[in-house]
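S.K.: here is the input, now give the coordinates:
(chains A and B)
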Amino acid sequence: METTLSPRSLGRPGFVSDLRAFWAVVHREWTIFRRYPSWIIALLIWPLIFPMMYILTARALAGPDGSGLAVFLKITGASDFIGYIVIGTTVWMWQNIVLWDVGFSLRNEQMRGTLESNWLSPTWRFSYLLGHTGPQFISMLMFITITALEFGLLFHVRLHGSLWMILLMMLAAIPSIYGLGFAFASLVITVKEANAFVFLIRGLVMIFCGITFPISLLPGWMQSIAKWLPQSYLIHGMRAAAFSNAGIPALLPDLVPLLAFGAFWLIVGYFTFLWMERRARRTGAIGQY
Amino acid sequence: MKTTSLSQPSLGTQLRALFVIALKDWKVFWRYPLNAVSNIFQPIIWITPVYFMGKAFSTNGQALGFAAYSGTGDYMSFILLGTVLANFILTVFWGMGYALKNDMDAGVLESNWLMPVSRLLILVGRTLTSLLTTAITSLIMLVIAGALFGFKPTGNTLAAFLTALPMLIGLYGFGFAFAGLVLLMREANTLVDVSSFLVQGFSGTNFPVQSLPTWLIPVALALPLTYGLDAVRGWLLQTRTILPLNVEILLLIISMFLMLWFGAWVFYRVERQVRTLGTLGQH
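M.R.: Down below sits the predicted model:
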C-alpha cells in the first residue's frame, strides 16, 4: 500500500500570529533606531536647518529695508513668511522621510540578506511593511512636534487659526503619503537601485506643490500638474488653517481631494505589494541585490 | 628577527593605487547611469522653489531687495554659481567621509587599510572620480538651468577658476578631518548631511552672507568657503565683495595650507585611536 504524505507547515497562520509578526518587526525596528543615537541630533537639527536655507534666501530677497517682503506677503496672503515657508518645507520633509524610511525598508532588509528568510515565515507579508511604518510614524510625529516648537520658540511663529484644523489636514494626508511609500517600497524590491526615483518623486513635490511660494505663480501647465499631487492640497489646506483661520467648510476643497488621493494610493500601494510578492516568488528576485 | 614587507612602496605604486581607486569608482558610477541624470537634475529641482519664490519677492521682475545686498538683481545667476560650487563642496564631503562609511558597510575598509599606501592618498583617490563626474554633470546642469532660468556671467572666467582652486584644495583639509570623525562615529549619514548643509548654507551658496542675522555673520566670516564663493562671484558676476578681491584670495591661500595641515593632523590622530581601539572593522 502506498501512503502519500502532504507536507505540513509547523506555522499556524492567523490574526494573532500576524499581529505578533507585526509587533516583532516594530520592536526590531525600534531597537535598530535607538542603536544609532545620531538620530537625536537629526531630529533636533533637520526641522530647523532645511527650512532655514529657504528662509535665509527669502530674507536676502526681501532686502535690507524689507521692501520685497511686503510684495511677498501681498501675493501669498500670509501674515508670516517664516510660517508660510515652514509649512511647505515640513510637508516636503514628511514625504521625503517616508520615501527613504518606508520606501527603502524592504530593500534594506534585502541588502542585509534577511528578506528571503523572513519571507518564508508563515505570516501576512504586508505586516513587514506595516511594522516598518510604526516606528517611522512615531519618529515623524516627534519631528513635526519639534518643528512646531523650534519655530514657535526661536522664531516666534504664531498660529492665526485652529491647531485642530491643521491636525485634521495632516490626518487626511496620512493615507496618501504612506500609500505612496508602500507602492514605492514594493517597486524598489524590483528595480533595486532606486535613489533616483526618490529624487524624482520628492522633486515633483518640491517643484510643483509650492513649498515656498503660492501655486498661482506657476505657469498654467505646471498648475495642472500640481492638481494631481496630494501634497499641493495638504500644503494649501495647512496654510489656510494656520494663517487664515479656515474652518472645515473652507478646507473641504482641499480635504476631499486629499482623502480621494489617499484611498487611491493605499489601494495602489497594497496591490503593488501583492504584485511584487507574486513576481518576486516567480522570478526568485527576493534574494538578489 | 627582522620582518620585511613584500611590498615595495614607491611614488609609482602610490600613483598606481590612486589610479586604481579612481578607476573602480568610475566603473561603479557609470554602472548606475541614473545617478548621473539625478546629479544633473537634482540641483535644478532644489533651486526651482527659489526661482519662483524670487518672483514672489520681485517688483516688475526686479529683485531690488536682493540687489541691495549683493550688488546684482540677477539672483538666479548668483544662486546657480553657488550651486555649482556647492556641488564640489559636497563632493569632497561625501567623497571621503561617505566613501569610508560605504567601505565599512561593505566590510572592505579593514582590508583596504592593510595596503601599503598612504591613507590620505586613499581618501584623495576616492574624490578623483567624483570631482570629474561633478565637473561633467555641473556643466550640463549649468547649460540646462541657464536655458530655464537664465545664467549671465559677464566677468573673467579664468580668474574665477584660479580663485576657486585654493578653495577646493583647502576643502580637502575639511574632508580629511571629517573622514576621521566618520571613522570614530561610524554612523555618518546625519553627520555628513547636517555639516555639509550647514557649511554650504552659512558660506552663502544661495544668498549673500550680508543678509544673515547679525549674530550669524561671524559664523559665515569664519568659514574660508565664504570668501571663495564671494570672490568667484565677484570675478564672474561683478557682485559687491565682502573684502577687496586680493585680500579674499590671500585669505583663501593661507586657509588652504592651514586646513590641509589641520585636517591631516586630525585624521591621523583619530585613525591611530581607532586602530588602537580595534574598531576599524565595526559599523
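S.K.: which ones are touching whichever residue of chain B sits closest to chain A?
M.R.: As assessed by Cβ to the nearest Cβ, chain A sits closest to residue B:65 within chain B, at 2.2 Å. (C-beta placed from N, C-alpha, C; glycine too.) For residue B:65, the contact set (Cβ atoms under 8 Å, 6 or more residues apart in numbering or on different chains) comprises A:60, A:61, A:62, A:63, A:64, A:65, A:66, A:67, A:68, A:69, B:57.
S.K.: the first one contacts residue B:68, doesn't it?
M.R.: No - the pair residue A:60 and residue B:68 does not pass the contact test of Cβ atoms under 8 Å, sitting 9.5 Å apart.
S.K.: which residue of those two possesses the greater neighbour count?
M.R.: A direct count of neighbours by other Cβ atoms under 10 Å in any protein chain shown for residue A:60 and residue B:68 places residue A:60 higher, at 28 against 20.
S.K.: and that one, what element?
M.R.: helix A:38-62 (DSSP states H and E).
S.K.: that helix near chain B anywhere?
M.R.: Yes - using Cβ under 8 Å from any Cβ of the partner chain, helix A:38-62 reaches chain B at A:38-39, A:41-42, A:45-46, A:49-50, A:52-54, A:56-62.
S.K.: mind checking which of those are buried?
M.R.: A:39, A:42, A:45-46, A:50, A:52-54, A:56-62 (16 or more other Cβ atoms under 10 Å in any protein chain shown).
S.K.: lowest pLDDT pick from these?
M.R.: The member of these with the lowest pLDDT is residue A:39, at 72.
S.K.: which residue ranges form the strands in chain A?
M.R.: With DSSP state E, there are no strands along chain A.
S.K.: give me the nearest residue to the closest residue to chain B within the stretch 1-150 of chain A, chain neighbours excluded.
M.R.: Closest residue of the stretch 1-150 of chain A to chain B, Cβ to the nearest Cβ: residue A:63 (2.2 Å). Closest residue in space to residue A:63, ignoring its immediate chain neighbours: residue B:65 at 2.2 Å, by Cβ to Cβ, 6 or more residues apart in numbering or on different chains.
S.K.: quick one: which helix or strand includes the one you found?
M.R.: helix B:64-70.
S.K.: I'd like the next helix or strand past that helix.
M.R.: helix B:75-93.
S.K.: residues touching the residue of the stretch 1-150 of chain A closest to chain B, list them.
M.R.: A:69, B:64, B:65, B:66, B:67, B:68, B:69.
S.K.: farthest-apart pair in the residues you listed, please.
M.R.: A:69 and B:67 (14.9 Å; Cβ to Cβ).
S.K.: ok, and does the helix or strand harbouring residue B:123 reach over to chain A?
M.R.: Taking DSSP H and E as the definition, residue B:123 sits inside helix B:119-149. No - figure legend: helix B:119-149 not in contact with chain A (Cβ under 8 Å from any Cβ); closest approach 11.1 Å.
S.K.: which other helices and strands contact that helix?
M.R.: helix B:11-31, helix B:33-56, helix B:75-93, helix B:99-106, helix B:157-185, helix B:245-277 (3 or more Cβ pairs under 8 Å, 6 or more residues apart in numbering or on different chains; DSSP states H and E).
S.K.: reformat the ones you listed as JSON lines; add mean pLDDT.
M.R.: Shown next, in JSON lines, are those (pLDDT from 0 to 100):
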{"stretch": "helix B:11-31", "mean pLDDT": "87"}
{"stretch": "helix B:33-56", "mean pLDDT": "86"}
{"stretch": "helix B:75-93", "mean pLDDT": "87"}
{"stretch": "helix B:99-106", "mean pLDDT": "80"}
{"stretch": "helix B:157-185", "mean pLDDT": "88"}
{"stretch": "helix B:245-277", "mean pLDDT": "92"}
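S.K.: mean neighbour count, those: which tops it?
M.R.: helix B:75-93 (a mean of 23; mean count of other Cβ atoms under 10 Å in any protein chain shown).
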